[in-house]
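[1] take this sequence and fold it.
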Amino acid sequence: MTEYKREPAAIEEMLLAYARTPIVFRHAFTGMPDALALIPPAEGEWSIAQIVTHLRIVDGHLLVAFAGAERPNEGVMRPRNPPAFAARMDEFELRRATVIVALRNLAPELWDTPYLFRTKESTARALVTRFVRHDGIHLKQIIATRHAVEAGAHV
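    This next block holds a predicted model:
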């Protein structure tokens, strides 16, 4: 993992890496029927759609920390008819773009100021570095899930 420095260029490097996730995810889904995104690879594991929803919810918590948004309660209610996968992906892309704007609006000196993220304090630098890695872990999970579901799918 890249060791990020305090200069604005390093901050921009982190933001570009964080902004790239939706693009990389879209590429990973190319040619995949939406229905496959809703199938978990095994009992108790997340479907691709659930992984994308998870990342959108995490981004909502980042907006609370950095932009003063209201705390999301998205994990509380589960709609009977969840949105189609394409709509979930669109919502994730929009939320991620909103987070990137909020982070770009932070002055460079504020990147090392502690913020309250959920129940713990952390800096913007530490959180974005952590979530770039978090995105990478979920990308690997999505690719493995897609292969597992396609291998067992009868679509």
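[2] give me the neighbour count for residue 123.
    15 (other CB atoms under 10 Å). The C-beta positions use only the backbone N, C-alpha and C, and glycine is treated the same way.
[3] so it sits against residue 117, correct?
    No. If you go by CB atoms under 8 Å, residue 123 and residue 117 don't touch, sitting 9.4 Å apart.
[4] give me the contacts around stretch 42-60.
    21, 25, 29, 36-41, 69, 72, 74-75, 82, 85, 88-89, 91-92, 95-96, 98-99, 131, 134-135, 138, 141-142, 145-146, 148-149 (CB atoms under 8 Å, 6 or more residues apart in numbering).
[5] for the lowest-mean-pLDDT helix or strand in the chain, packing partners?
    Lowest by mean pLDDT, DSSP states H and E among the helices and strands of the chain is strand 114-117, with a mean of 82. Contacts defined by 3 or more CB pairs under 8 Å, 6 or more residues apart in numbering; DSSP states H and E place strand 114-117 against helix 48-67, strand 120-123, helix 124-152.
[6] buried ones among the contacts of stretch 42-60?
    21, 25, 29, 36-39, 41, 72, 85, 88-89, 91-92, 95-96, 98-99, 131, 134-135, 138, 142, 145-146, 149 (16 or more other CB atoms under 10 Å).
[7] can you list the low-confidence ranges for the chain?
    1-9, 68-82, 153-155 (pLDDT under 70).
[8] try it again at 90.
    1-14, 26-36, 38-40, 42-45, 57-58, 60-88, 102-103, 105-130, 150-155 (pLDDT under 90).
[9] and the gap between the spatially most central residue of it and residue 128?
    Geometric centre of the chain, nearest residue: residue 55, 3.1 Å, by CA atoms, centre = their mean. Distance, residue 55 to residue 128, using CB to CB, to the nearest Å: 14 Å.
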